[in-house]
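[1] missing the sequence, but the structure's below:
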């Protein structure tokens, strides 16, 4: 009986979100290099290179500021990204940082690396990136509402879907703020994180639409049988439960394996996906559908009062 305890689930979600807001106010987020401004260096090695063997010595040199190292164009070439002293525009500092990178990559386990190009993105452009990310999430919520409303011709479904997606985003942000600095890997907010959030919004919406389709089908049958709204939607949720559980569990298993064996550079991204799939599955059953019920019941009460 999913709906009889819907207020309990609302309270659980509100508690997590409030804890997240408190964490955001107190300690904020760990911003990734994309959102702080960055210096980028492309390094070409003589032989194939492992990104971890480049990242670790660079992190020591840059005093734990945060360094990203990704394979770039081939397994013998990497892109090094760092926000170290990004606000300092002194040409001597620029040359000094480049010299430090060159010194580290010049000989890693007998593999010589050479800087082939470098570039800088200042904090102003980084702020533009943050606003672009927020706009992407906001517009996706608006388009989702329009799509759901057109598809189901009912405000309750559109409202339930948007609240559910907004809930998912807030929960993921809350968890990233609360556990930042606690978990043994980076939980920085960067462009990969935004990509993960948008992907999860699509995953959650797909799950929600499947459930809403079944609810709409059962509502039409329930009206003919004079069944109560809560009972009809409970039955609809139970018939989609096996599909929701199987889809969620299989996705979570794959992400769990990637979380363990995927490597340091993508661990934050995979963690966002891992938590997001759990939250998205939860919200489809325990947030979106109950909100549809509450919204429909309020609509029915207003009609009764008007009559």
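    Cool, the structure landed. Since this is a predicted model, take the numbers as computed values, not measurements.
[2] hey, where'd the helices end up in this structure?
    Listed from the start of the chain, the chain has helices (DSSP state H) covering 6-27, 51-61, 91-105, 123-152, 155-179, 191-225, 229-261, 267-283, 289-306.
[3] mind giving me a markdown table with the ones you listed and columns for mean neighbour count, distance to residue 40 and mean pLDDT?
    Quick note: C-beta positions are derived from backbone N, CA and C, even for glycine. Output for these, formatted as a markdown table (neighbours: other CB atoms under 10 Å; distance: least, CB to CB, whole Å; pLDDT from 0 to 100):
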| stretch | mean neighbour count | distance to residue 40 | mean pLDDT |
| --- | --- | --- | --- |
| helix 6-27 | 14 | 28 | 94 |
| helix 51-61 | 16 | 13 | 88 |
| helix 91-105 | 14 | 10 | 88 |
| helix 123-152 | 14 | 12 | 82 |
| helix 155-179 | 22 | 24 | 92 |
| helix 191-225 | 18 | 13 | 84 |
| helix 229-261 | 15 | 26 | 91 |
| helix 267-283 | 22 | 19 | 92 |
| helix 289-306 | 15 | 44 | 86 |
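[4] Which of those helices sits closest to residue 83?
    Between residue 83 and the helices of the chain, the shortest gap by CB to CB is with helix 123-152, which sits at 8.7 Å.
[5] I'd like to know which elements that closest one is packed against.
    helix 155-179, helix 191-225 (3 or more CB pairs under 8 Å, 6 or more residues apart in numbering; DSSP states H and E).
[6] what angle sits between the first one and helix 191-225?
    Which is helix 155-179. Here the directions of helix 155-179 and helix 191-225 differ by 150 degrees (axes from the mean of the first three to the mean of the last three CA atoms, to 10 degrees).
[7] just how off-centre is helix 155-179 within its chain?
    Its chain's C-alpha centre and that of helix 155-179 lie 11 Å apart, by CA atoms, centre = their mean, to the nearest Å.
[8] Likewise for stretch 230-243?
    Counting by CA atoms, centre = their mean, stretch 230-243 comes out at 28 Å from the chain centroid.
[9] can you check stretch 255-268 too?
    Here the centre of stretch 255-268 is set off from its chain's centre by 15 Å, with CA atoms, centre = their mean.
[10] And stretch 36-44, by the same measure?
    Computed by CA atoms, centre = their mean, the separation of stretch 36-44 from the middle of its chain amounts to 24 Å.
[11] Use 6 as the first number from now on
    Sure thing, new numbering starts at 6, so read that last one as stretch 41-49.
[12] Give me the residues contacting that stretch.
    59, 77, 81-89, 91-92, 99, 102-103, 106, 110, 118-131 (CB atoms under 8 Å, 6 or more residues apart in numbering).
[13] now stretch 97-105
    The contact list for stretch 97-105 (CB under 8 Å, 6+ apart) reads 44, 46, 66, 67, 87, 89, 90, 120, 123, 125.
[14] want to throw those into TSV with distance to residue 220?
    Listed next are the contacts of stretch 97-105 as TSV, based on distance: CB to CB, whole Å:
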residue	distance to residue 220
44	52
46	53
66	57
67	53
87	50
89	53
90	55
120	58
123	55
125	52
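[15] Where strands are concerned, which of the residues you listed count?
    Cross-referencing the contacts of stretch 97-105 with the strands (criterion: DSSP state E) gives 44, 46, 87, 120, 123, 125 as the overlap.
[16] Out of those residues, which is nearest to residue 301?
    For these, the minimum distance to residue 301 (CB to CB) is 52.9 Å, reached by residue 87.
[17] list the contacts for the closest one?
    Each residue near residue 87 by CB under 8 Å, 6+ apart is listed here: 38, 43, 44, 63, 67, 70, 71, 72, 73, 102.
[18] Now it: closest residue in space, sequence neighbours ignored.
    Ranked by CB to CB, 6 or more residues apart in numbering and with sequence neighbours excluded, the top spatial neighbour of residue 87 is residue 72, at 4.8 Å.
[19] Would you agree the one you found is in contact with residue 60?
    Yes: taking CB atoms under 8 Å as the contact criterion, residue 72 and residue 60 are neighbours in contact, 5.6 Å apart.
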